[in-house]
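> below: sequence and its predicted model.
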Amino acid sequence: MRHAITRVLGLCVSVCATTIASSGCSQEAEGLRNMSECSGVIFPEGSNTVWFDRDGGFNTWTSVAVVDIPRSSVDEFKQRSGFAPFVPGVPSSWKSYWDATGMVDALANNAVNEHSAKDDKEPRRYVVIHDSGGETRRLFVRANC
């Protein structure tokens, strides 16, 4: 009897964990879609969400995301999103936008980062592209919608 109860509980835990994990992924995907629609930041095919959060209310939302994209998609990302030229580094005032991600240390070295210099689009959006080598680039994105 005890063994049967343990198996049933194990199955319930497994089903619940799968449900929670899949709903988390769908919330991130929906969040990125909403971020794209409101801000015009167009994530390329093959993007992988590393971190996402949305906060706000009363018709104003701030979305913050960290997304990995293929290195070969960087130019397409910039063009489709309508960004002005990027310049090296990250403004020190921007770094706090990604504190909650736990990945802000990646923004310390200006030699491997570039940011959207003069983006006057509304809603306001902030983008940093981090080059850690290899075939992937990490986008740090914040959009006020």
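Received, thanks. Numbering: from 1, shown residues only.

> which residues does I129 contact?
V74, F86, N113, E114, H115, R137, R138, L139, F140 (Cβ atoms under 8 Å, 6 or more residues apart in numbering). For every residue, glycine as well, the C-beta is placed using N, CA and C.

> what segments of the chain are helices?
Taking DSSP state H as the test, the helices found in the chain are 2-39, 74-81.

> hang on, the earlier thing: which of the contacts of I129 tops the neighbour count?
Highest neighbour count within these, by other Cβ atoms under 10 Å: F140, with 27 neighbours.

> give the bridge partners for it, please.
Beta-bridge partners of F140, counted by DSSP bridges, are V66, V128.

> now, among the contacts of I129, which is nearest to L32?
Relative to L32, the closest of the contacts of I129 is L139; by Cβ to Cβ it sits at 10.7 Å.

> return the residues in contact with that closest one.
L139 makes contact with F43, A65, V66, V67, D68, I69, F77, V127, V128, I129, H130 under the criterion Cβ under 8 Å, 6+ apart.

> can you put these in JSON lines and add pLDDT and distance to F58?
Formatted as JSON lines, the contacts of L139 follow (pLDDT from 0 to 100; distance: Cβ to Cβ, whole Å):
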{"residue": "F43", "pLDDT": "94", "distance to F58": "27"}
{"residue": "A65", "pLDDT": "96", "distance to F58": "22"}
{"residue": "V66", "pLDDT": "97", "distance to F58": "26"}
{"residue": "V67", "pLDDT": "97", "distance to F58": "27"}
{"residue": "D68", "pLDDT": "97", "distance to F58": "32"}
{"residue": "I69", "pLDDT": "97", "distance to F58": "32"}
{"residue": "F77", "pLDDT": "96", "distance to F58": "31"}
{"residue": "V127", "pLDDT": "95", "distance to F58": "25"}
{"residue": "V128", "pLDDT": "97", "distance to F58": "28"}
{"residue": "I129", "pLDDT": "98", "distance to F58": "32"}
{"residue": "H130", "pLDDT": "98", "distance to F58": "32"}
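
> so which of these comes closest to S96?
For the contacts of L139, the nearest to S96 is V128 (12.5 Å; Cβ to Cβ).

> right, and the closest one touches V104 too?
No - judged on Cβ atoms under 8 Å, V128 makes no contact with V104 at a distance of 10.3 Å.
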